[in-house]
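[1] Show me how the following folds:
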Amino acid sequence: QPRKKIERLIEIAKRDTRVHLRLIGPGIKNNIHHVKLTQNVVIMDEIYGDDLIEHFEWSHAVFNPAAVGLLVMNSARYSRPIFIGIDSQNAPEIQLAKQAGSDLFIDFDDDKQVQALIDKCISERSFLEEKGQILCDIMKQEYTVEYMAQQYYKAIDNKWD
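    Predicted structure coming up:
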């Protein structure tokens, strides 16, 4: 993702030491090598598949101000809410997050909105649990292979009628 978006997350963690941030992805270290990190920020190279489990289990939520793609599905898999930038360019997977609620979309450039969300996440853990569970439930109900195949066949049937 653009370096500016990653630096924004680091700025948030620098301002509020209650936030512990793990940045995972290829090239992050190289792209922000000039940024001084605090103890509550850790950068890791790319991690895939089952190696991500420990990081999702460690987290309370996922914050991504840029494009999300399959990260939405992975967050849902572990019942973790994902907070997405309102101006992000997103893949089709964004629909799952939209179904889970508009409060998952925030303006990462609005310091007051970001701080209010962080305060809410810390003071109301049930908020995170509820949002994560909603995301997970929708995924289990509507994003299964069976459901998607059913929708595909329905689309084909309607096309030929």
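[2] What pLDDT does the model give Ile84?
    As predicted, Ile84 sits at a pLDDT of 92.
[3] Just grab the bridge partners of it for me.
    Counting by DSSP bridges, Ile84 forms beta bridges with Asn64, Phe105.
[4] Quick check: the gap between it and Lys98.
    9 Å (CB to CB, to the nearest Å). For every residue, glycine as well, the C-beta is placed using N, CA and C.
[5] Between the two, which contacts overlap?
    Phe105 (CB atoms under 8 Å, 6 or more residues apart in numbering).
[6] between the two, who's got more neighbours?
    More crowded of Ile84 and Lys98, by other CB atoms under 10 Å: Ile84, with 25 against 14.
[7] Look up how far Val35 lies from the more buried one.
    Distance from Ile84 to Val35, by CB to CB: 22 Å.
[8] ok, now Gly85?
    Gly85 sits 19 Å away from Val35, going by CB to CB.
[9] cool, and Lys140?
    Distance from Lys140 to Val35, by CB to CB: 38 Å.
[10] what bits of this protein have low per-residue confidence?
    The chain contains residues with pLDDT under 70 at 1-3, 89-91, 158-161.
[11] Find the nearest non-adjacent residue to Glu142, please.
    Excluding the flanking residues, the one nearest Glu142 by CB to CB, 6 or more residues apart in numbering is Gln99, at 7.5 Å.
[12] helices or strands up against the helix or strand harbouring that neighbour?
    Secondary structure assigned from DSSP states H and E places Gln99 in helix 94-100. Helices and strands touching helix 94-100, by 3 or more CB pairs under 8 Å, 6 or more residues apart in numbering; DSSP states H and E, are helix 71-77, strand 82-85, helix 125-142.
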